[in-house]
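# Just a sequence and a predicted model for now, questions to come.
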Amino acid sequence: MKKILFLSVLAMLGCNRKAPEVHPPVGGVLSQNDLDISKNRMKNLNTLERQQIQDWITGQNIKFYPTQLNYWTNAEGFDQRPRRQNESLISYSYELYDFDQTKIYDQPVARNNARFGHFDELKAVENALRYMKDGEEVTLLVPSSLAYGTYGDENKIDNDIPLIIKLKVL
């Protein structure tokens, strides 16, 4: 009986604690102030990365050209070409590098008979594939916002990392 009484008192004391602070879940509703802070952070990060990429381009022997979607490619007039439409099929592969030109993954990412409008890919890769010719290879310089963004790939690519992507249409 004494044990039951002791456990009851102990349980009541444990329940008397102040409730922990509640935080919204990931993906929860944010205030306008939080949204503004996030927007300004991304704007500043994008400006910084664009300048760093531009400085990197200056030190290269190959010319790179900006595209309308905010990445660079080594193909002049790239996004002025005819554009592949949704539902068309494409097979491709690409390799990822950091700006020290270190290959991130040993094996390339490859997709066969992917259908535009139905595959989930990096924004810059999907956009570039729409303008590429069969058998063509291009190099893309991609700011983090068009790569793996603020979360990374949860494996080898950290958050906010711009990438060099060597893309080939098979």
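Cool, got the structure. Residues are numbered from 1 along each chain as shown.

# Report the secondary structure state of the residue most central in space within the chain.
In the chain, the residue lying closest to the centroid (C-alpha atoms, centre = their mean) is Y148, at 1.7 Å. Classification of Y148 by DSSP: H, G, I helix; E, B strand; the rest coil places it in coil.

# Quick check, it in contact with K156.
No - with contact defined as C-beta atoms under 8 Å, Y148 does not count as touching K156 (10.1 Å). Any C-beta I mention is one placed from the backbone N, CA and C, and that applies to glycine too.

# Okay, strands next: where are they in the chain?
Ranges of strands in the chain, per DSSP state E, are 65-66, 72-73, 89-97, 109-115, 137-142, 163-169.

# So which elements touch the first one?
Helices and strands touching strand 65-66, as assessed by 3 or more C-beta pairs under 8 Å, 6 or more residues apart in numbering; DSSP states H and E, comprise strand 72-73.

# Go through stretch 154-168 and flag the buried ones.
Neighbour counts over stretch 154-168 (16 or more other C-beta atoms under 10 Å) mark I157, D160, I161, P162, L163, I164, I165, K166, L167, K168 as buried.

# and of the residues you listed, the nearest to E137?
Proximity of those to E137 (C-beta to C-beta) peaks at K168, which lies at 4.5 Å.

# What degree of burial does A124 show, as a neighbour count?
For A124, the neighbour count with other C-beta atoms under 10 Å is 24.

# gap between it and Y94?
Look at A124 and Y94: by C-beta to C-beta, to the nearest Å, they are 10 Å apart.

# So for those two, which residues contact both of them?
Counting by C-beta atoms under 8 Å, 6 or more residues apart in numbering, the common neighbours of A124 and Y94 are I165.

# Quick one: neighbours of the nearest residue to P82 once chain neighbours are set aside, just the number.
Distances taken as C-beta to C-beta, 6 or more residues apart in numbering place Y131 nearest to P82, at 7.8 Å, with adjacent residues excluded. Y131: 19 surrounding residues under other C-beta under 10 Å.

# Does Y131 touch R83 like I think?
Yes - look at Y131 against R83 with C-beta under 8 Å: they come within range, at 6.2 Å.

# Need the contact partners of stretch 111-130.
67, 69, 71, 73, 78-79, 83-94, 138, 140, 142, 146-148, 165, 167, 169-170.

# In contact with the residue nearest to the centre of the chain, which residues?
L122, I157, N159, I161, L163 are the contacts of Y148 under C-beta under 8 Å, 6+ apart.

# These into JSON lines, with extra columns for distance to R111 and pLDDT?
Formatted as JSON lines, those follow (distance: C-beta to C-beta, whole Å; pLDDT from 0 to 100):
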{"residue": "L122", "distance to R111": "12", "pLDDT": "91"}
{"residue": "I157", "distance to R111": "18", "pLDDT": "94"}
{"residue": "N159", "distance to R111": "24", "pLDDT": "91"}
{"residue": "I161", "distance to R111": "22", "pLDDT": "94"}
{"residue": "L163", "distance to R111": "17", "pLDDT": "97"}
